[in-house]
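Colleague: could you look at this predicted model? Sequence included:
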Amino acid sequence: MASRQRISEFLVGSGPIVDVRSPAEFLQGHIPGAHNLPLFDDAGRAEVGTLYKQQGRSAAVLRGLALVGPRLETLARALSDLAASAPGEPLRLHCWRGGMRSESVARLAEALELPVHLLAGGYKAYRRWVLELFERPWPLRLLGGRTGTGKTDLLLALAARGVPVVDLEGLANHRGSSFGALGLPPQPSSEQYENLLARALAGLEGAGEIWLEAESSQVGRCRIPAGLWRQMKEAPVLEVLRPLEERVARLVAVYGVQEPELVAEATRRISRRLGPQRTAAALEAIAQGDAAAACRQMLDYYDRCYDHDLSSHAVNSVDLGNLSAAEAARLLLEQGLAEGRRAGSAG
């Protein structure tokens, strides 16, 4: 008999997580690292759900059996393959509410003599845990700095030295500006972004400080969860300062290698804020292959946005000159500006 586990026990367990919801449900959001083994495809789920509402449980179950019957062998083989990928570990199964879908697949797994744990409350319980996590108090510190100061690279360098860090932009596959998606994979849904952030935060529980980049409330299409955003607005900021030419060089290294028409399209998206003269000058520079000149035209706008966003925070500044990310991380740690240990491991 499959055992039911609460979300806290389910997440810290071992063994493959198997999400038996439909592909569309999984795409919208899922437990990070889960495998999608849908009991029904999207059309089948809709059909069974409609029957349940209109004709009741029996009609829905009968139609569900008709849909699943021809796929039983395929499902069984997929379960066996997942179990074989983690010998001796249970399969951790869930659906939306922890109801018929996961119970049906659990029975199939048990017929194959595969150990199974079910998530009590299903993915719905997981989402409740995710949203509650952002309401807990977290010891946040923000790394700020104008566009091109290398904040993300510095955060990653700090993380490599053991500093607790959550990479808001990395999890969103976006650099946080009109140009932020260039050269990066598609963004997750906002729901999946929340799931990824929750996993990252939960892994840092007990840290004395957790560093994030100072961001607006959205990173591309991904919205920072309200509970976390409220705490970010109150968090102290360490502002990174770098010379203008260093900032331009860093931006050219990232965006100068992108497709010029994509860069031009991103420039047009902010044309109303840039103004007609700066927009025309930037587009001309892009057409001429002069990425540095294009960057300079746009930095004034981004600097004003950044200065406005930072005005409500308590800010300390550090001038990093032309230091590399690794050198800058070492300097911050040496000067005691960044906490490199978790509270539980001090001493």
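Modeller: Now that the structure is in, tell me what you want to look at.

Colleague: okay, CA-based contacts and neighbour counts for the rest of this
Modeller: OK.

Colleague: ramachandran coordinates for the closest residue to Leu241 other than its chain neighbours?
Modeller: Nearest residue to Leu241, sequence neighbours excluded (Cα to Cα, 6 or more residues apart in numbering): Asp319, at 4.5 Å. The phi/psi pair for Asp319 (degrees, to the nearest 10) reads phi -90, psi 120.

Colleague: check Tyr255 too.
Modeller: Here Tyr255 shows phi and psi, under degrees, to the nearest 10, equal to phi -100, psi -20.

Colleague: now Val237
Modeller: Dihedral angles of Val237 (phi, psi; degrees, to the nearest 10) stand at phi -120, psi 130.

Colleague: which stretches of the chain form strands?
Modeller: Using DSSP state E, the strands of the chain run over residues 3-5, 17-19, 35-36, 91-94, 116-119, 140-145, 210-213, 218-219, 222-223, 237-241, 315-319.

Colleague: now for the second one, which elements pack on it?
Modeller: In this structure, strand 17-19 makes packing contacts with strand 35-36, strand 91-94, judged by 3 or more Cα pairs under 8 Å, 6 or more residues apart in numbering; DSSP states H and E.

Colleague: let's see that with 10 Å instead.
Modeller: The elements that strand 17-19 packs onto, with contact taken as 3 or more Cα pairs under 10 Å, 6 or more residues apart in numbering; DSSP states H and E, are strand 35-36, helix 72-84, strand 91-94, helix 100-111, strand 116-119.

Colleague: got the contact list for the closest residue to Ala226 other than its chain neighbours?
Modeller: Residue nearest to Ala226 in three dimensions, not counting chain neighbours: Phe134, with 7.7 Å by Cα to Cα, 6+ apart. Phe134 sits next to 194, 197-198, 201-202, 224-231 when contact means Cα atoms under 10 Å, 6 or more residues apart in numbering.

Colleague: and the two most separated of these?
Modeller: By the measure Cα to Cα, Ala202 and Arg230 form the most distant pair in the contacts of Phe134, at 17.9 Å.

Colleague: skipping adjacent residues, who's closest to Pro185 in space?
Modeller: Spatial nearest neighbour of Pro185, excluding adjacent residues (Cα to Cα, 6+ apart): Asn173 at 6.2 Å.

Colleague: in the chain, which helix or strand is least confident?
Modeller: Across the helices and strands of the chain, mean pLDDT, DSSP states H and E gives its lowest value to helix 57-68, namely a mean of 79.

Colleague: just checking, what packs against that one?
Modeller: With contacts taken as 3+ Cα pairs under 10 Å, 6+ apart, helix 57-68 sits against helix 42-55, helix 72-84, helix 100-111.

Colleague: hmm, 8 Å instead?
Modeller: On a contact count with 3+ Cα pairs under 8 Å, 6+ apart, helix 57-68 meets helix 42-55.

Colleague: what about the helix it packs on, distance to the chain center?
Modeller: Centre-to-centre, helix 42-55 and its host chain are 32 Å apart (Cα atoms, centre = their mean, to the nearest Å).

Colleague: pull the distance from the least confident helix or strand of the chain to the chain's centre.
Modeller: Mean-position distance between helix 57-68 and its chain equals 36 Å (Cα atoms, centre = their mean).

Colleague: send me it as PDB with only the CA atoms.
Modeller: Output of helix 57-68 as PDB, limited to C-alpha atoms (Å, rounded to 0.1, in the frame of the first residue of the first chain):
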ATOM      1  CA  ARG A  57     -17.800  10.000 -10.800                       C
ATOM      2  CA  SER A  58     -18.800   6.700 -12.400                       C
ATOM      3  CA  ALA A  59     -19.100   8.100 -15.900                       C
ATOM      4  CA  ALA A  60     -15.700   9.800 -15.500                       C
ATOM      5  CA  VAL A  61     -14.000   6.700 -14.200                       C
ATOM      6  CA  LEU A  62     -15.400   4.500 -17.000                       C
ATOM      7  CA  ARG A  63     -14.200   7.000 -19.700                       C
ATOM      8  CA  GLY A  64     -10.900   7.300 -17.900                       C
ATOM      9  CA  LEU A  65     -10.400   3.500 -18.000                       C
ATOM     10  CA  ALA A  66     -11.200   3.500 -21.700                       C
ATOM     11  CA  LEU A  67      -8.600   6.200 -22.400                       C
ATOM     12  CA  VAL A  68      -5.900   4.700 -20.200                       C
END
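
Colleague: just to revisit the earlier point, tell me who's in contact with the residue nearest to Leu241.
Modeller: By Cα atoms under 8 Å, 6 or more residues apart in numbering, the contact set of Asp319 is Val240, Leu241, Arg242.
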